[in-house]
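1. Predicted model and sequence follow; I will ask about them next.
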Amino acid sequence: MNYKEIYQKSLHQPEAFWAEQAKAIDWYNTPSVILSEDENGYPLWFKDGELNICYLALDKHIQDGYGEQIAIIYDSPVTQNIKKYTFNEVKSEVARLAGGLISLGLKKGDTAVIYMPMIPQAVFGMLACARIGVTHSVVFGGFAPHELAIRIDDCKPRAIITASSGIEIDRLIAYKPLVDEAIALANHKPKKVIVFNRKLGARVPFKKYDVDYDALVYGSEEVPCVPVNATHPLYVLYTSGTTGKPKGIVRDTGGYAVVLKYSMQYIYGIKENEVFWAASDVGWVVGHSYIVYAPLINRNTTVIFEGKPIRTPDASTFWRVIEQHKVNVMFTAPTAIRAIKKEDPNGEFIKQYDLSSLKTQFLAGERCDLATLEWYLEHIPVPAIDHWWQTESGWPMVANMMGIEKPIIKPGSVGKAVCGYDIKIFNDKGEELSQNEEGYVVIKLPLPPGTLIDLWKDTPRFKAGYLNKFPGYYFSGDGGYKDEEDFIFITGRVDDVINVAGHRLSTAEMEEIVASHYSVAECAVIGINDELKGQIPLALVVNKTGDEIEHFQLEQEIVKLVRQQIGAVASLRNVVIVQRLPKTRSGKILRKLMRTIADGENVQIPSTIDDEDIVEEIIAVLKKYEIGVYNKK
């Protein structure tokens, strides 16, 4: 069968289609009810099935005789350390850590926060939680204590698993003081903090709630996997919301396991025993799905990379990893390729390495511009496939399905709808648009397995954010269009969440922080195009009357505020002072208009604008500060 036939079957016979895919994994109790609904009428998959995803990732392969296969390659250019772990070794550590968690009082149904750098122990922590039915919530190690505290209060973990430090190119970041500060800020107080001491020199202040990771693991017995229901929440992963309050995406276990196995074979086209490298972080959805669970379920060797595409030590590091570990399929964000291209425009480093093992390069996290795609293909003659998905979906929604047929790559497009996703383009009224007409990207219910099943403890917000705008459809929050061959083009967010180097960040949250500065009367934070990171935030501020402050001082103080409360990941560097902000007559700030001006696009002045002269004022200010398309550097 070709793509078209398989895709149509997935839409018209979804229960039969996914029942067949469910046979590819082992269940303690094979589901008989394939598709049903929860009490709110939202689709549920495999609701009477029982399984354990840690068993699928580790124990099954050992029982099948593959215990000595390499499961994880840890490659850390920032610490100059490479270590390989077999499935036997990973299972032993994970099972003992799980035993340690039980000894601390954790049980099925509890939650735990994991706040870790890109080290194997982060993966061990995730798998240990999954082994005993504890729902994990991984928080990216770059987030500040304020952000960590918000997540602690929302998911109320019984324990936190952390490390003594993360390490950047030029500095050590002590994690333990950040965790202690977050606990002090939070209303909910976790019972225990498990600390893995990397012995890199970071300060590790001791608290009564601390437990040493090594002592816990090596003082505990291995415990078996605990069967959980298919709808049991495997994890909560927070993503930015337009209100500034993070949204806890809830992922089930059974549907997720089925689609991860399916996606490795049919989207990524990778065989068991091959090497898969997702150059991301376990704090993001790519890390959850394609560093940890999918490769291990599919019996692939997965690479945990602690470093950057450049300066670790240089722009050759990706090519060194591919050659050294014989990577077969790689996944990264276009930002990483842009960073390498900037440092090595002629691809001189690429010529120094044997990349013959590499079959396919996947790109996602933000839109891949044509110049980056063309540069990659010029220097590395393998398919470079841009594809589209979200934290909410957990796995690709639009892609070239490499495991079904040879891809047709159409530059600018993210491919065609993946099996199970009935994707439409709607206008404001919920009417389907014609070919090449841009509108809202929506997906007809039921979504396929593995996608979000709710927001953590906030079903009303789940409905309001995703289901109410177009009844019977999931609203993706992205805009886009389909061409005459059903190739899908994604044009970007339609709300005020921006995508900085693949990280979704709320401009509303940044605005709250900027507005807290003593000299700021009002402000707007917008995402503007950036050659390296896709988008970066720009803050436009109006000073309080009579509260004059030198621009450089204001910029430094606001940047520091944002860094303290969100973290360096926010990448806010530019703050400009304006006399006023463009608004509608009803007082709504026209952020899209400012984005359009900064990006140099054709400016459509809204009929509702209060004063058209503001456009020229904004252009003059951006030119003065050399921001956006007016950057002369």
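-> All right, it came through fine. Residues are numbered from 1 along each chain as shown.

2. Does the residue nearest to residue 22 when sequence neighbours are not counted belong to a helix, a strand or coil?
-> For residue 22, ignoring the flanking residues on the chain, the nearest one in space by CB to CB, 6 or more residues apart in numbering is residue 258 at 5.1 Å. Where you see a C-beta, it was placed from the backbone N, CA and C, and this is true even at glycine. Under DSSP: H, G, I helix; E, B strand; the rest coil, residue 258 falls in the helix class.

3. Measure how buried residue 258 is and give me the count.
-> Residues near residue 258, counting by other CB atoms under 10 Å, number 28.

4. can you list contacts of the biggest helix by length in the chain?
-> Scanning the chain for the helix with the most residues, using DSSP state H, yields helix 87-103. Contact with helix 87-103 is made by 54, 58-59, 61-62, 66-69, 71-72, 85, 112, 120, 123-125, 127-129, 131-132, 134, 159, 194, 213, 216-224, as judged by CB atoms under 8 Å, 6 or more residues apart in numbering.

5. give me every residue that touches residue 30.
-> Residue 30 makes contact with 22, 49, according to CB under 8 Å, 6+ apart.

6. ok, back up a step: looking at the residue nearest to residue 22 now. What's its pLDDT?
-> Confidence at residue 258, expressed as pLDDT, is 98.

7. before we move on, what about residue 411?
-> Note on residue 411: pLDDT of 85.

8. Next, count neighbours for the closest residue to residue 176 other than its chain neighbours.
-> Spatially, and ignoring its direct neighbours in sequence, residue 176 is nearest to residue 204 (4.8 Å; CB to CB, 6+ apart). Neighbour count for residue 204, taken as other CB under 10 Å: 20.

9. got it, and residue 124?
-> The local packing of residue 124 (other CB under 10 Å) involves 25 other residues.

10. and the angle from the host helix or strand of it to helix 87-103?
-> Using DSSP states H and E, residue 124 sits in helix 120-131. Going by axes from the mean of the first three to the mean of the last three CA atoms, to 10 degrees, helix 120-131 is angled at 60 degrees with respect to helix 87-103.

11. Of all the residues in helix 120-131, which ones are buried?
-> By neighbour count with 16 or more other CB atoms under 10 Å, helix 120-131 contains the buried residues 120-131.

12. packing partners for it?
-> Contacts defined by 3 or more CB pairs under 8 Å, 6 or more residues apart in numbering; DSSP states H and E place helix 120-131 against helix 53-54, strand 70-76, helix 87-103, strand 111-115, strand 135-138, strand 159-163, strand 301-305.

13. can we see that at 7 Å?
-> When contacts are defined as 3 or more CB pairs under 7 Å, 6 or more residues apart in numbering; DSSP states H and E, helix 120-131 packs onto helix 53-54, strand 70-76, helix 87-103, strand 111-115, strand 135-138.

14. Residue 313 is nearest to which of the ones you listed?
-> strand 70-76 (12.4 Å; CB to CB).

15. Could you export the buried residues of helix 120-131 as CSV, including distance to residue 228?
-> Output for the buried residues of helix 120-131, formatted as CSV (distance: CB to CB, whole Å):
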residue, distance to residue 228
120, 24
121, 23
122, 21
123, 19
124, 19
125, 17
126, 15
127, 14
128, 14
129, 11
130, 8
131, 10
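
16. I'd like these as TSV, with pLDDT appended.
-> Formatted as TSV, these follow (pLDDT from 0 to 100):
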residue	pLDDT
120	98
121	98
122	98
123	98
124	98
125	98
126	98
127	98
128	98
129	98
130	98
131	98
